[in-house]
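Trainee: Starting from these lines, generate the structure:
(chains A, B, C and D)
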Protein chains: 2
Amino acid sequence: MASIRDVAKLAGVSPATVSRVMNGTANVTEEKREKVLRAISETDFVPNEVARTLFKKSSKTIGFIIPSIQNPYFTQMADVIDRAAKELGFRILLCNVEHDLDRERSAIQMLISANADGIIASNNSELQHELSQCEIPVVILDSLFRTKDVNAYIYCNYYQGGMMAAEHLHKCGCRKIVCIKGPQQLFTAQARYQGYVDFCEDNGIEQHSIECDYDFHAGMAVTEELLSSYPDVDGIIACNDIVAISIYKILHKRNISVPEQIQLIGFDDVHLSSLISPELTTIHQPIEEMGRKAISIICDPEGLEKRGKQFVFPVHLIERETTCMKKLL
Amino acid sequence: MASIRDVAKLAGVSPATVSRVMNGTANVTEEKREKVLRAISETDFVPNEVARTLFKKSSKTIGFIIPSIQNPYFTQMADVIDRAAKELGFRILLCNVEHDLDRERSAIQMLISANADGIIASNNSELQHELSQCEIPVVILDSLFRTKDVNAYIYCNYYQGGMMAAEHLHKCGCRKIVCIKGPQQLFTAQARYQGYVDFCEDNGIEQHSIECDYDFHAGMAVTEELLSSYPDVDGIIACNDIVAISIYKILHKRNISVPEQIQLIGFDDVHLSSLISPELTTIHQPIEEMGRKAISIICDPEGLEKRGKQFVFPVHLIERETTCMKKLL
DNA sequence: CTGAAAGCGCTTACAG
DNA sequence: CTGAAAGCGCTTACAG
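Mentor: This next block holds a predicted model:
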């Protein structure tokens, strides 16, 4: 591997001049410029990013801490973030932590010691302290810390989403709606559940719920429990699309038809939700917009220094095939 | 951010001693050791990885170039690789390139200039030159370069998989089997298709095929084409599970029942294939074993210096609900 | 415009 | 056992 000194020697100039040519950081005589350029290509020189980063204290890298790479919501988000970052000349360092707190903690430390220029983390409330203490910009997706502040919080109106889901099932004629709520230590899950609760209270509807992790193993297990606890359920609100899909799987196996016998609604509107059959009715989150917002804040944090500014995006209902208004007629 | 000098000053020792204590790289008097340890915790000192990497020329990082983060085969692989690497004290830098050659090229360059300790890349034959020239270990997943060599190739017996798929559909009584083959510039796709072709030839069966990218958009589009070109198709071999799922989607929409009217088989056996309804019959790849092998080679490349050693894993048929032997009775 | 020098924050021979 | 020094490969004041 050629270094900047090799190039300088070959071109008959100083390393400083080579650096200036590469970075366009000062004027260099056309003659020397050409010599340098030729030397660079002759030696296949690629500047060492590590050295550059050490000096600049910026690696042009943003860490995205992804709670689980198995969850399509996060992989879609990762893809958006990746593209948006690239457009602004940054790269994304994806840190998959699979819901493991130690993995997440070490990811944060790693990002800091790697001179990352920012961190995008997602709904894990237990690392509030570490995240709020970072000297680099931090944006939290899908969550809101109670006391500690980071640069910005980006999330959707989950509460309204929960309400919309309950309202929709109610309108579709469901009499016994069970809410499969997500892990209640998570902001996303709490807010969605609260929306359901309030809709029920406002309309004098019985409340029923079971808690469930945001993955398909949990979803399948919970469905068995659901069916034995509530044999007369006719409407299910799933905490996310993956759980909805796994609920459907069990219902289908038991020959329970959807939406005829039980209506089902998910949350997130990942690509997969319209790929499966029947297509899933769900609450849409604007993943693209949220991801782009996160990047724009990290790359240009203006005055938002750990003030905890909130950006709340709207959700909306996508009616597909697992619910049915016509049942009412 | 405290530096090693701050810690040294506070502890009344030299930076070298602090380094020795941190890394256990030489004996230090118990007394100084304790002073150093106290100073480290008082200053919340975290060593700067960038400086360490610059000196050591190793970042304890392995790059995984992921063709598309939207494909669950790769995300499952990423998860395995991530865990395996962690066990050996390495971290994974995930580079999502979404099938973009420029993104892939810049990922490789970035990894090299970031002093990565190895690269795991996947079925993209166009960057053979760049990959084989790397001074760090390179392992190729799911592919085999024709002339250029890297440290190792890890793949499955796709040819046999293609044969097994054709044989299975044949045994299930299909008379008109159409192979939705993957992009033929890819090794995985070629070999699977060749297995199908050879099975057909050996058994005097007509061959029919359509090419299709490995993603669901392509899968849905191709199914329309398939149905109009081959209205009497009764068996479909999909190039991977995601495409199989999207094929199913269109069939279902058209009220074509699976497996009664058309039988369908996928490839990969991603988690999702058993989550959907009906569960997908598919060819299983041992993702866990392949990923672990890749990591063990990168982390301990022994004598395999770009010799192109091949590790070929077996595949096997997983019969589920989209094919049916009983039709024969 | 350009080079010599200093420095980013570590680690490891080299002396002692 | 321990410290001063040199160096990893860059970049940017600072002179000239």
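
Trainee: Helices along the stretch 201-329 of chain A, start to end?
Mentor: With helices called from DSSP state H, counting those that start in this stretch, the stretch 201-329 of chain A shows them at A:216-229, A:241-253, A:271-275, A:287-299.

Trainee: Can you spell out which helices and strands pack onto the longest one?
Mentor: By that I understand helix A:216-229. strand A:177-181, strand A:209-211, helix A:241-253 (3 or more Cβ pairs under 8 Å, 6 or more residues apart in numbering or on different chains; DSSP states H and E). (Each C-beta comes from the backbone N, C-alpha and C, glycine too.)

Trainee: winner for burial among those?
Mentor: strand A:177-181 (a mean of 25; mean count of other Cβ atoms under 10 Å in any protein chain shown).

Trainee: Identify the residues contacting that strand?
Mentor: Here strand A:177-181 makes contact (Cβ atoms under 8 Å, 6 or more residues apart in numbering or on different chains) with A:162, A:166, A:169-170, A:189, A:192-193, A:196, A:200, A:205, A:207-212, A:219, A:222, A:226, A:230, A:233-239, A:243, A:247.

Trainee: could you flag which of these are buried?
Mentor: With burial judged by 16 or more other Cβ atoms under 10 Å in any protein chain shown, the buried subset of the contacts of strand A:177-181 is A:162, A:166, A:169-170, A:189, A:192-193, A:196, A:200, A:205, A:208-210, A:212, A:219, A:222, A:226, A:233-239, A:243, A:247.

Trainee: if we can go back for a sec, right, so of the helices and strands packed on helix A:216-229, which gets closest to DNA strand D?
Mentor: helix A:241-253 (44.1 Å; Cβ to the nearest atom of the strand).

Trainee: Please report the distance of the residue in the stretch 201-329 of chain A that DNA strand D sits nearest to from B:I69.
Mentor: Here the stretch 201-329 of chain A gets closest to DNA strand D at one residue, A:C299, 17.9 Å apart by Cβ to the nearest atom of the strand. According to Cβ to Cβ, to the nearest Å, A:C299 and B:I69 sit 21 Å apart.

Trainee: the more surrounded of these two?
Mentor: B:I69 (25 against 18; other Cβ atoms under 10 Å in any protein chain shown).

Trainee: so who does that one touch?
Mentor: B:I69 neighbours (Cβ under 8 Å, 6+ apart): A:I69, A:T75, A:A78, A:D79, A:D82, B:T75, B:A78, B:L94, B:N96, B:E98.

Trainee: Now tabulate those residues in TSV and tack on secondary structure and distance to A:Q261.
Mentor: Shown next, in TSV, are the contacts of B:I69 (DSSP: H, G, I helix; E, B strand; the rest coil; distance: Cβ to Cβ, whole Å):
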residue	secondary structure	distance to A:Q261
A:I69	coil	35
A:T75	helix	32
A:A78	helix	37
A:D79	helix	36
A:D82	helix	42
B:T75	helix	33
B:A78	helix	38
B:L94	strand	42
B:N96	strand	41
B:E98	coil	40
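
Trainee: Sort out which of these are buried, if you could.
Mentor: Buried members of the contacts of B:I69, counted by 16+ other Cβ under 10 Å: A:I69, A:T75, A:A78, A:D79, A:D82, B:T75, B:A78, B:L94, B:N96.

Trainee: Format those residues as a markdown table; extra columns: pLDDT and distance to B:R20.
Mentor: Shown next, in a markdown table, are those (pLDDT from 0 to 100; distance: Cβ to Cβ, whole Å):
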| residue | pLDDT | distance to B:R20 |
| --- | --- | --- |
| A:I69 | 90 | 38 |
| A:T75 | 94 | 43 |
| A:A78 | 95 | 40 |
| A:D79 | 93 | 44 |
| A:D82 | 92 | 40 |
| B:T75 | 94 | 41 |
| B:A78 | 95 | 37 |
| B:L94 | 89 | 34 |
| B:N96 | 89 | 39 |
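
Trainee: Closest to DNA strand C out of those?
Mentor: Among the buried ones among the contacts of B:I69, and counting by Cβ to the nearest atom of the strand, the member closest to DNA strand C is B:L94, at 25.3 Å.
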